[in-house]
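Visitor: One predicted model, sequence on top.
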Amino acid sequence: MPSDPTQIPEIQTLNADGWRLFATRCIRLFAYGFLSVVLVLYLKSIGLNDERVGLLLTWTLLGDTAISLWITTTADRIGRRKMLIAGSVLMLLAGVIFAVTKDFLWLLVAATIGVISPSGNEVGPFLSIEQAALSQLVTGRQRTAVFAWYNLVGSLATALGALTGGAVCQATAHSGLEGPDVYRPVVLGYGAFGLALAIIFLGLSPKTEIAVQAEATTAPTGSRFGLHQSKGIIARLAGLFALDAFGGGFVIQSVVAYWFHVRFGVEPVTLGGIFFGANALAGLSSLAAIWLARRFGLINTMVFTHLPSNVLLMLVPLMPNLPLAITVLMLRFSISQMDVPTRQSYTMAVVAPEERSAASGVTGVARSIGASISPMLAALLVGNPAWASLPFFLSGGIKIVYDLLLYRSFVTHKPPEEAAK
């Protein structure tokens, strides 16, 4: 194996299941990017006001939280493949309902029980279960590198999805369609991607599952949410991740896209191009995290790459014109995702194998809870010209507090592969 961890052979050790999980990551993140750039514009086009749009975004995240908590904390017992298929069906359901009705109550139901990503980032149970399965397929030394590539392909897929979603809307508008019909093909396409995921997940082998006998001998009767010996550290991580996600919820991709539309009059096709570049840079930044993590450690990499990205985020609304605002946003995305594979790898490293789906699920749910309130506030703020830039400042400030608290709490708690050095 080559000494340079960013080389392709680092992930060539993956078996067919591993590559299948990479494929589902690409399809899913393409779908999330495809929808997120136009989601708020679509909801506004069917007659929803800012308050109802914000409420839908919040209930989307709250619903994903509840569904994810149940699915991820039972996945190792019921079966990871079954739970991934269930999540795919919920994604299909949400896309279809959003596309065929304007009734707010039905939309609220779909937002609550379905899987919709207003941010362009991971939602639902998929990430937690896939990470647990991938951790089972690779060694501890390979884990961070594999997660970095996993995040890279996801970010590139989100970028391509955003670009494609904007292009589709431009094409439908030029064909003579108006109002919601401009955006509806994107919403229907999102549901179709859920069906594609379910079909691919059907092909996963038993190698991605935890052996029933192993679980029975290692999980105590009193375990909670699928956790036992790792409850303490996961509780602390979950609290901090919730704070980070609360800050991030102010600048989810749908809200930022809407801010660019309101502030500079940017059209959907241009928004797609902006977020194509932003997500591509974010994905490439994941690869730098491999080298940084092996040289400086997972926690140091998480904190000291995240801090400057938050400062750049706060500078975006201070830019006087569109080119400068885009430039600062791109700089921010070029370093913003270095903490993601390191955070994921750290969580998988500090828990037992039979707790990984649950640990990733609980921390993921904590992030969803943290992120569920702020989009509603952000939608209201962006809709008011006097407060439109405030979400950027709130997000950056809260996330800086998270970075400092994370460093203070975990700088001495090293994962096994670092402690063994």
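Guide: Nice, I can see it.

Visitor: Could you list the low-confidence segments of the stretch 201-350 of the chain?
Guide: 211-226 (pLDDT under 70).

Visitor: what's around Pro206, how many residues?
Guide: Applying other CB atoms under 10 Å, we find 10 residues neighbouring Pro206. To be clear about C-beta, it is placed using only N, CA and C from the backbone, and glycine gets the same treatment.

Visitor: neighbours around the nearest residue in space to Arg141 that is not next to it in sequence, how many?
Guide: Spatially, and ignoring its direct neighbours in sequence, Arg141 is nearest to Glu417 (5.9 Å; CB to CB, 6 or more residues apart in numbering). Using other CB under 10 Å, Glu417 has 18 neighbouring residues.

Visitor: cool, and Arg295?
Guide: 9.

Visitor: Pretty sure it sits in a strand.
Guide: No - read with DSSP: H, G, I helix; E, B strand; the rest coil, Arg295 is helix and lies in no strand.

Visitor: how far away is it from Ala289?
Guide: Relative to Ala289, Arg295 is positioned 11 Å away (CB to CB, to the nearest Å).

Visitor: pull the longest helix from this structure.
Guide: Ranked by number of residues, the top helix in the chain under DSSP state H is helix 140-174.

Visitor: any idea of the mean pLDDT for that helix?
Guide: The average pLDDT within helix 140-174 is 87.

Visitor: Report the buried residues of that helix.
Guide: Of the residues in helix 140-174, 142-166, 168-170, 172-173 count as buried by neighbour count, 16 or more other CB atoms under 10 Å.

Visitor: helices or strands up against it?
Guide: Judged by 3 or more CB pairs under 8 Å, 6 or more residues apart in numbering; DSSP states H and E, the packing partners of helix 140-174 are helix 16-45, helix 126-137, helix 180-201, helix 268-296, helix 339-349, helix 416-419.

Visitor: Serialize the ones you listed to JSON lines and add fields for distance to Ser117.
Guide: Below are the helices and strands packed on helix 140-174 laid out as JSON lines (distance: least, CB to CB, whole Å):
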{"stretch": "helix 16-45", "distance to Ser117": "4"}
{"stretch": "helix 126-137", "distance to Ser117": "10"}
{"stretch": "helix 180-201", "distance to Ser117": "9"}
{"stretch": "helix 268-296", "distance to Ser117": "13"}
{"stretch": "helix 339-349", "distance to Ser117": "15"}
{"stretch": "helix 416-419", "distance to Ser117": "32"}
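
Visitor: Out of these, which is closest to Phe393?
Guide: Among those, the nearest to Phe393 by CB to CB is helix 268-296 (19.2 Å).

Visitor: ok, then the element right after the closest one?
Guide: Once helix 268-296 ends, the next helix or strand along the chain (criterion: DSSP states H and E) is helix 298-315.

Visitor: and that next one, how far from the chain's centre?
Guide: 17 Å (CA atoms, centre = their mean, to the nearest Å).

Visitor: now do stretch 266-274
Guide: 21 Å.

Visitor: Extract the C-alpha set from it and format it as CSV.
Guide: Taking Å, rounded to 0.1, in the frame of the first residue of the first chain, the C-alpha atoms of stretch 266-274 are listed here in CSV:
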residue,chain,number,x,y,z
VAL,A,266,-29.5,35.5,-9.3
GLU,A,267,-31.5,33.1,-11.5
PRO,A,268,-31.8,29.3,-10.8
VAL,A,269,-29.3,28.3,-13.6
THR,A,270,-26.7,30.7,-12.1
LEU,A,271,-27.4,29.4,-8.6
GLY,A,272,-26.8,25.9,-9.9
GLY,A,273,-23.4,27.0,-11.2
ILE,A,274,-22.5,28.7,-7.9
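
Visitor: for Leu48, helix, strand, or coil?
Guide: coil.

Visitor: before we move on, what about Leu204?
Guide: Relying on three-state DSSP, one would call Leu204 coil.

Visitor: any idea how far Gly154 is from it?
Guide: 18 Å.

Visitor: Then Ser68?
Guide: Ser68 sits 17 Å away from Gly154, going by CB to CB.

Visitor: How about Ala293?
Guide: Going from Ala293 to Gly154 by CB to CB gives 18 Å.

Visitor: swap in Gly232?
Guide: 30 Å.

Visitor: Give me the buried positions along the helix or strand encompassing Ser372.
Guide: Using DSSP H and E, Ser372 maps to helix 356-382. For helix 356-382, the neighbour count (16+ other CB under 10 Å) marks 356-379, 381-382 as buried.

Visitor: what's the distance between the helix or strand following that helix and the middle of its chain?
Guide: Next helix or strand after helix 356-382 toward the C-terminus (DSSP H and E): helix 390-410. Centre-to-centre, helix 390-410 and its host chain are 18 Å apart (CA atoms, centre = their mean).

Visitor: Touching helix 390-410 from outside, list them.
Guide: 236-237, 240, 243-244, 246-251, 255, 259, 299, 302-303, 306-307, 310-311, 313-314, 316-317, 346, 374, 377-378, 381-382 (CB atoms under 8 Å, 6 or more residues apart in numbering).

Visitor: Mark which of those are buried, thanks.
Guide: Burial by neighbour count, 16+ other CB under 10 Å: within the contacts of helix 390-410 this picks out 237, 240, 243-244, 246-251, 255, 259, 299, 302-303, 306-307, 310, 313-314, 316-317, 346, 374, 377-378, 381-382.

Visitor: got the buried residues for stretch 403-416?
Guide: Buried, per 16+ other CB under 10 Å, within stretch 403-416: 403, 405-407, 410, 414-415.

Visitor: how far does that stretch stretch from start to finish?
Guide: The first residue of stretch 403-416 is 22 Å away from its last residue (CA to CA, to the nearest Å).

Visitor: Pull the distance from that stretch to the chain's centre.
Guide: Centroid separation between stretch 403-416 and its chain, computed with CA atoms, centre = their mean, is 22 Å.

Visitor: And the average pLDDT for it is what?
Guide: In this model, stretch 403-416 has a mean pLDDT of 91.

Visitor: Okay then, goodbye and thanks.
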